[in-house]
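Asks: Sequence and computational prediction follow.
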2 protein chains.
Amino acid sequence: METWQGTEALILSGSPEQEVGYVARFLQVHPSVKVVCADSGTRHLAKLHCHPDLIVGDFDSSVCPDIDCERIQLVPEKDDTDTMHALQVVIDRGCTSAWIACATGGRLDHLLSNLSLCEYAWERGCTCRILDAQNELFFVDSDTIELARDDAYKYFSIIPLDYTLHGVSITGAKYPLSDASVTRSTMYTISNEVTASHARIAIKQGRAFIIRSHDRAR
Amino acid sequence: METWQGTEALILSGSPEQEVGYVARFLQVHPSVKVVCADSGTRHLAKLHCHPDLIVGDFDSSVCPDIDCERIQLVPEKDDTDTMHALQVVIDRGCTSAWIACATGGRLDHLLSNLSLCEYAWERGCTCRILDAQNELFFVDSDTIELARDDAYKYFSIIPLDYTLHGVSITGAKYPLSDASVTRSTMYTISNEVTASHARIAIKQGRAFIIRSHDRAR
């Protein structure tokens, strides 16, 4: 089977999420995205009425369903997770934008390891976003970004990864900041809101997650 | 009303968790722990048949129930979260061990900000652990710790907070390590298992979360 190339991929990870309506809505807006299942991520396909382009996994804790698509069989007892391997594959095949869904329920170690993939992807030139029913998360390093006001996400937060973020400025938001330092252990950058058409977040130095979120699962 | 002093506190945060059996089991094992509700954490009290020692919150998004106990009323639009304020109060009152429950469901920014409280507490001399139905998380800095083999938690993981952990050694475990470097963006320290009576984790330099977890919610 020919391997595909693509610039956009959605990776379905294996967390036990019941409500995958947000993934269906994402696929409607991104019809040309390549869909990659990481191991037990295949469990979500039936609800999504979705055919994957690739399945990656070792299937040591789940059975790979009988689906006609390309597969990469991993060996169990490997060092990296199935989701990380799926991300490596889509980056190798040219993806510069990747989303990972069904990655935040269940075990906290899996969740945090999935979040870290955004930093890994960034280091390889790919923008990776984690999506779930209430949140969108991405990684920034010493950068200035704009967040459009968006009814789907009432709040935005800045989560420091490095111990101190230096020179943090926020404009166009309910709680503005000017050239402030924000530390990991006392983060005063949670639950901000876009009040202008766009909020602008500038971080002079430091790595962080930006999270957009809303209160209720949709 | 007299304010209490204590060395151990359980903070009930406000995440929308349905299954709080793990909190009930914790309270059975720690009968003298002070129970502190952070704002909508009060929603969990009925299921737990539990009387709190203190309620802290601004109650801008929930109604404080009619419970006869000490209260600290916060002003809305404050900089820190209700859960952080509750933690500050218990540390001020002498707690050197704190657990935070009902802190991992719902919004990712709330979850990550709650996890960061473990580092905040450590900097103030208090050991803080996050508990949920599948996980126990705590913070370490350049330290050596032992994890007893425990049927309640099959797995343990090391999650770097600083970009690189230097000199990581693991013994007594399925995947041993010797004086390795572990980075945040390629963490090969997920889903390890204790094989001896205790696993020993030594980190020469760097801050990290240690997570013990199991696969299914109990």
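Replies: Now that the structure is in, tell me what you want to look at.
Asks: so who does residue A:15 touch?
Replies: With contacts defined as Cβ atoms under 8 Å, 6 or more residues apart in numbering or on different chains, the neighbours of residue A:15 are A:102, A:103, A:104, A:105, A:106, A:110, A:111. For every residue, glycine as well, the C-beta is placed using N, CA and C.
Asks: Only whichever of the residues you listed are buried, select them in PyMOL.
Replies: One line in PyMOL is enough to select the buried members of these, burial here meaning 16 or more other Cβ atoms under 10 Å in any protein chain shown:
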select buried, chain A and resi 102+103+104+105+106+110+111
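Asks: Next step: the contacts of residue A:15 restricted to helices.
Replies: Mapping these onto helices (DSSP state H) picks out A:110, A:111.
Asks: wait, doesn't residue A:103 sit right on residue A:132?
Replies: Yes: judged on Cβ atoms under 8 Å, residue A:103 makes contact with residue A:132 at a distance of 7.2 Å.
Asks: Out of the contacts of residue A:15, which is nearest to residue B:169?
Replies: residue A:110 (23.8 Å; Cβ to Cβ).
Asks: Can you give me every residue that contacts that closest one?
Replies: Taking Cβ under 8 Å, 6+ apart, one finds A:15, A:81, A:103, B:190 in contact with residue A:110.
Asks: Now flag whichever of these is closest to residue A:87.
Replies: residue A:81 (9.4 Å).
Asks: Would you mind confirming that that closest one makes contact with residue A:113?
Replies: Yes: if you go by Cβ under 8 Å, residue A:81 and residue A:113 touch, sitting 6.1 Å apart.
Asks: Pull up the overlap in contacts between those two.
Replies: Shared contacts of residue A:81 and residue A:113 (Cβ under 8 Å, 6+ apart): residue B:190.
Asks: Distance check, residue A:189 against chain B.
Replies: 9 Å (Cβ to the nearest Cβ, to the nearest Å).
Asks: Which helix or strand contains that residue?
Replies: Element membership for residue A:189 (DSSP states H and E) is empty, with no helix or strand holding it.
Asks: Hmm, residue A:183 and it touching each other?
Replies: No: look at residue A:189 against residue A:183 with Cβ under 8 Å: they stay out of range, at 10.2 Å.
Asks: Now list whatever residues contact both of these two.
Replies: residue A:160.
Asks: Tell me which of those two has more neighbours.
Replies: Neighbour count, other Cβ atoms under 10 Å in any protein chain shown: between residue A:189 and residue A:183, residue A:189 has more, with 23 against 17.
Asks: Report the secondary structure state of the closest residue in space to the more buried one that isn't next to it in sequence.
Replies: Closest residue to residue A:189 apart from its sequence neighbours, by Cβ to Cβ, 6 or more residues apart in numbering or on different chains: residue A:158 at 3.9 Å. When classified by DSSP: H, G, I helix; E, B strand; the rest coil, residue A:158 comes out as strand.
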